[in-house]
Every structure is written in structure tokens, then in C-alpha cells.
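*Asks:* need a 3D model of the following:
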Amino acid sequence: MTETTAPQTRKFEAEVAQVLHLVTHSLYSHKEIFLRELISNASDACDKLRFEALANPALTEGDAELRIDISFDAEARTLTLRDNGIGMSQDEVIENIGTIARSGTRKFLESLSGDARKDTQLIGQFGVGFYSAFIVADKVTLITRRAGNAPGEGVRWESDGSGEYTLEAIEAPRGSSVILHLKQDETEFLSAWKLRDLISKYSDHIAFPIRLPVQKDGKSTDEFETVNHAAALWTRPKSELKDEDYQGFYKSLSHDFNDAASWTHNRVEGSQSYTLLLYLPAKPPLDAMFNGRDERKGLKLYIRRVFIMDASEQLLPAYLRFMRGVVDSDDLPLNVSREILQDNRLVAQIRAACTKRSLDLLEKLANDDKEKFQAFIDNFGNVLKEGIAEDTANRERIAKLLRFASTASEGQARTVSLDDYIGRMTVGQEAIYYISADGYGAAKGSPQIEALRARNVEVLLMFDRIDEWMLGYLHEYAGKKLRNVAKGDLELDKLGDGGDKQAREEAEKAAEPVLAKLKELLSERVRDVRVSQRLTDSPSCLVLDEYDMASHMQRLMREAGHEMPASKPILEINPQHALVKRIEGEADAARAAEFSLLLFEQAQLMDGAQLDDPAGFVRRINALLAGV
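*Replies:* Below you'll find the predicted structure:
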């Protein structure tokens, strides 16, 4: 190859240098993943060329048989992976190799530590792709030319991973060659047997031929042989596939280091024909967690085995963005665009099928493997809750899958389903009761649930940030209304004996003087003061009207920068509590006002609010303790 310009030396972005330092200077127990990553990149390049060549056949330059060749030179200690796919221009090399201008990169780096085993797993989960070459190489050379560019517009990129790289223009064939200059202790990757074994383990499902040189008398020849199936795994009969085949394909597809939790593989025939292969990850891939709703690449769309695009937005609703897999249609046009996808009736049918299959998969996991399903809830439960608002047609199915902590469960683990709750409802109970708060401790210790606890009525503890928003759309389940115990009249008389109502009415009558006193003293802070049905131990609590926004949700909205209309809560009191009695009997107007304010501030704290005057609260507490 003839060099056409002098090499330029450039520095990596700071974040890239950090990634390379971690890759180069850490020890990895699964270092062979570099081969899987590089083969996956080569496969993607072949996919992209095949798609672009549909509109511009000249891009193949007379070489339309796409392939990935792997060769090695034991004397030079080099391992080369060569594909004749789309290749890269110089600008693309700088963008894709010299920088990592990707959402979440900084968070990825912050997640890494000096722990070698943990770093290995994170590298695998994040799918650093090209950079994984530095796990086994002390220098990497990339020779590439984008399809359609002139032969002299090739690019040679080289780096030892120390923070700089060189870049020069050269003559090069279409596609990319990655040349790894192996470290002294990585001789095992200079073995045809070892490479064949790793390809079989990680990349057998790649839909393009992966070729190795034919060995003769222990030496490589110029002839190549295909060592993988070279057929799209999802097109093969399920009877031919083993679990390890599905898991291997999942890892290559998702760049996930872990096995998938479950999967579903279906061929649909009828008015339209398509194949679905959907995976449920066991753990969230880091890029998916960081990019979230804005950049979803969970499902790949193929049309007659030709890769078209990452099309999660069109093929799955956002609340199922954790799913991974492929959809291969026989009926969509090969020149389909994102605009056509959005309005295509066939795509709408496939989307409905993907949603149904995903929910089927989750329901089966919930029934067949409680442990795996609990892990799913721990990792993805909050994402699934978005479906309550987004997917009205499947709201009941989604609600059935949700899990919550409750007063009947141990600790803050979310293990209670709505069906579990209904099965434990007490005699006379007509609603599903819940409390929302800023954290588990605040929810479990909320004074609003004291009377329900005393009656052995289970309460769901909602403390995830999304819960109150979700409950704005989930008003009932299986015919049972969901009731926030901090709102409205709970009508607890129906859950007790016949004397409850009479006792309450007598308590209210006896408390009329202290109620009047508190209403006067706290008129600027509360809408009303009344005797509580909710309290058994605490002196007071704050409640809202039935249709008011929950205090927890109001705080979240303010934190997000939204202005909330000023509103006063209702103060409920326990007239039997010593503090209330102290206020009732206090003759000194100033002390009565101080203790009334203390009663209100205690209720605010229990409700999760921040006090306007913490120093004054402490002073009032000290005065009460000192008996002043």
C-alpha cells in the first residue's frame, strides 16, 4: 500500500484515555471477549454495506460476497481480523475511534473501579467493542476505507493505548482490517485451534462467513475455510438450536457479559410472515441504563435477512425498552425508511405481536421461576411501571406483573403482587390501600397507616419516584379501587366492630374544644383540624382531600422545576395523645401557640416535608422536654 500523506499524531479525548488505561492495565478473567466484540463489529459493517448496496449496488465494487477473515502470524505475533463491509472514512475513524461522544460514557467510567473482576463484567456489559482489543494487544493498527470512496482515501490508524494515536491516508481495499500486536503472554491467540474454538463459542451464529486459513503441516495456507454456520440463527428451526446457541447469539447481539434470563422464538405465518426472537436480559446493560428512553437500540429490524435498522421505537413501546432481539419480516419493502415505519400498518401489527410476546415471556417467568422474576423486578420493575400510563390496552396485564413492598412483607424487597394483596384482604375490606413516601422507612413508619395496622389490614408501601405518577393512571385492579391512605375519608368503620363509629363520634364531641383551639392557632397553615380515624400512637398527621396531588408527588414536581399551586393540608389529631392533651389544658396563650406549631411540624416531618424553621422546631422540642 502506498502512503499518500505523512502520519498525524493526535491525542485521545480524556474519557477515551481513561477507558484505554483501564483496559490496558487491569487483569481480566474473560479476556477472550475481545474476539467476540471485534467479530460483532465486523458483522455490523457487513450488514450496513448490504443495506446501502440495495440502493447503490456500485458500493460492492464487484465483491458482493461479504465475509470476515481471521488470520495470524506467529512470528510477528499479530492477529488480524479483516472484513469487506462498509468501512470508515477518516472523519468516521476520528468520530468512532478517537472519541467516545456518547451519552453515558462518563457514568460508565465512574462505575469502574480498581477491582479486576468487576471491571471485566462492566467492560463486557458496556460493549466497548474496538477498545477491547487492548485487553490482549499492546498496539492496535486499523486499516479501513469506506465503500464508495476512492482507493487512495483509505485510512491507517494506530495506537499503543497510551493516550495518543497516529492517523494517515493510504491506499486500502474496501472494508476494515484490525491488526492486533499481541502482548508477550497472549500466545494462545496465535493458535488456529483456539481461534476456531472461540468462534464456535461466541460467534457461530454470525450471518456472514467467518473464515480461517486452512492449516497444512501446522502452518497457515493462503486458502480460507468457513468455520461458523454463517446463517442467521433466528431462521434456523428451534429443534436444531440449544440453549448455548441462543445465549451466544444474545451476548453478541446485546454486548452483554451475562446470560439472558429468558427468550422467546416464534415464526408467524398468515396475512404477513415474520420471525421474532426476543430476549429478556438478566441485568440492565449499562448503555441502556444511561441512554434510557432517548436512545433505544434493543430490537433490530431485518427484512428477508437484510439488516435495516435499530428500530426499538417502532417495534416496542418505551416501557419494554429493556428487551433485546431481532424482528425479521418477509413483507416489508427493503427500502423502508423510519418515516414509512411510523405509519405502516404491517409494522403496527408486528409491534402489537412484540408487545404481546414480551408480556407473555414475563408472565411465564413469573409463574415458572420466582427467583429470576424477582431479579427482573429488582432491575427493571420501575421501567415496567411506565406501561401503566403508556399502554392502556395492556394495563391490567402489566399491573398483574408489578411487585411492591407492603406491611405484610419483610424488609423493603418488592415481592407483593396485587393478586397476593387481594387474596389477603380482610373481611369488609373493599379497597387496596397504599401509602407513598420518599423512602421505605418513611412509608413503613407513616402515621397514616397506624389504624390499618391495628386492624391487620395490609398496606402497600410505595417509595419509588415513579410510583405516585403511575398511580395517577392505575385507579383500580381486578375490580378493587386503589386508595391512598393519606387522602380523604377511609371509612375504617367498615373494617372494625360495630362500636367503632359510636366511639369515634363520642371522641369527636369530646375533642371539640381542642379542635377549635387548634383551628384558631394554626389557621394560616392548615385548611382544617379534625379528629383522626388513622392514628393510634402518633399525635398528628397531615391528610389531603380525595383528589389533591399527594405531598410526595408535589415535592417531586417542585424538584423538577414545576410551580405548584399553594394549598393547605388538613391536620388530623389523636385527642388521646399526651401532647394534644397538653395543648388542650395549656392556659398560657404563647405556650399553647408554640406547642400547636410543634404538633403541626411533627406532622410535616412524618409526611416527608422540610421545615421552614428547623431551629424553632428544636427550641420548641427542648421547651417541651424541659417542661417549660
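
*Asks:* list the contacts of Glu563.
*Replies:* Residues in contact with Glu563 (CB atoms under 8 Å, 6 or more residues apart in numbering): none are found. C-betas here are computed from N, CA, C, even on glycine.

*Asks:* shouldn't it be within a helix?
*Replies:* No. Assigned with DSSP: H, G, I helix; E, B strand; the rest coil, Glu563 falls outside any helix and is coil.

*Asks:* tell me which helix or strand in the chain has the weakest average pLDDT.
*Replies:* helix 116-126 (a mean of 39; mean pLDDT, DSSP states H and E).

*Asks:* for whichever helix or strand comes after that helix, packing partners?
*Replies:* Remark: after helix 116-126, the chain's next helix or strand is strand 137-145, criterion DSSP states H and E. Applying 3 or more CB pairs under 8 Å, 6 or more residues apart in numbering; DSSP states H and E, one finds that strand 137-145 contacts strand 154-159, strand 175-182.

*Asks:* want to throw these into JSON lines with mean neighbour count, distance to Thr9 and mean pLDDT?
*Replies:* JSON lines is the format used below for these (neighbours: other CB atoms under 10 Å; distance: least, CB to CB, whole Å; pLDDT from 0 to 100):
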{"stretch": "strand 154-159", "mean neighbour count": "23", "distance to Thr9": "10", "mean pLDDT": "94"}
{"stretch": "strand 175-182", "mean neighbour count": "23", "distance to Thr9": "18", "mean pLDDT": "96"}
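
*Asks:* what sits closest to Phe12 if chain neighbours are left out?
*Replies:* Once flanking residues are discounted, Phe12 sits nearest to Gly163: 5.7 Å by CB to CB, 6 or more residues apart in numbering.

*Asks:* please read the previous query as pertaining to Glu586.
*Replies:* Nearest to Glu586 is Ala592, by CB to CB, 6+ apart, at 4.2 Å.

*Asks:* just to be sure, that neighbour is in a helix?
*Replies:* Yes. Using three-state DSSP, the secondary structure at Ala592 is a helix.

*Asks:* can you give me the pLDDT of it?
*Replies:* Per-residue confidence (pLDDT) for Ala592: 91.

*Asks:* likewise for Phe249?
*Replies:* pLDDT, read off for Phe249, is 89.

*Asks:* touching, it and Tyr202? I think so.
*Replies:* No. Assessed by CB atoms under 8 Å, Phe249 is found out of contact with Tyr202, at 9.7 Å.

*Asks:* tell me, how many residues neighbour the closest residue to Asp160 other than its chain neighbours?
*Replies:* Excluding the flanking residues, the one nearest Asp160 by CB to CB, 6+ apart is Lys139, at 4.6 Å. Close neighbours of Lys139, defined as other CB atoms under 10 Å, add up to 17.

*Asks:* more crowded one of Phe249 and Tyr202?
*Replies:* Legend: neighbour count by other CB under 10 Å for Phe249 and Tyr202, higher for Phe249 (25 against 21).

*Asks:* for whichever helix or strand that one is part of, buried residues please.
*Replies:* Element membership of Phe249, judged by DSSP H and E, is helix 243-254. Of all the residues in helix 243-254, those buried under the rule 16 or more other CB atoms under 10 Å are Asp245, Tyr246, Gln247, Gly248, Phe249, Tyr250, Lys251, Ser252, Leu253, Ser254.

*Asks:* backbone phi and psi for the residue nearest to Arg67 when sequence neighbours are not counted, please?
*Replies:* Distances taken as CB to CB, 6+ apart place Pro209 nearest to Arg67, at 4.6 Å, with adjacent residues excluded. The phi/psi pair for Pro209 (degrees, to the nearest 10) reads phi -60, psi 130.

*Asks:* pull the contacting residues for Pro209.
*Replies:* Counting by CB under 8 Å, 6+ apart, Pro209 has contacts Arg67, Ile68, Thr226, Asn228, Ala230.

*Asks:* same thing with Leu460?
*Replies:* Phe404, Ala405, Ser406, Val416, Tyr421, Ile432, Tyr433, Tyr434, Ile435.

*Asks:* rerun at 10 Å
*Replies:* When contacts are counted by CB atoms under 10 Å, 6 or more residues apart in numbering, Leu460 is found next to 402, 404-409, 414, 416, 418, 421, 432-436, 443, 467, 471, 482, 485.

*Asks:* one more: Phe600?
*Replies:* Leu518, Leu521, Leu522, Arg525, Val526, Val529, Ser540, Leu542, Pro569, Leu571, Ile573, Leu611.

*Asks:* quick one on the thing from earlier: ok, how many other residues are close to the residue nearest to Glu586?
*Replies:* Ala592: 19 neighbours (other CB under 10 Å).

*Asks:* was I right to think it contacts Arg582?
*Replies:* Yes. Using CB atoms under 10 Å, Ala592 is in contact with Arg582, at 9.0 Å.

*Asks:* where exactly do the helices run in the stretch 401-550 of the chain?
*Replies:* Assignment of helices within the stretch 401-550 of the chain using DSSP state H, counting those that start in this stretch yields the ranges 418-423, 440-444, 450-454, 467-471, 499-510, 512-521.

*Asks:* minimum distance to Ser176: which of the ones you listed has it?
*Replies:* helix 467-471 (45.9 Å; CB to CB).

*Asks:* ok, and what's touching that closest one?
*Replies:* 382, 384-389, 398-399, 402, 404, 434, 436-437, 443, 460-462, 464, 474, 482, 484, 549-557.

*Asks:* I'm done for today, thanks for sticking with me.
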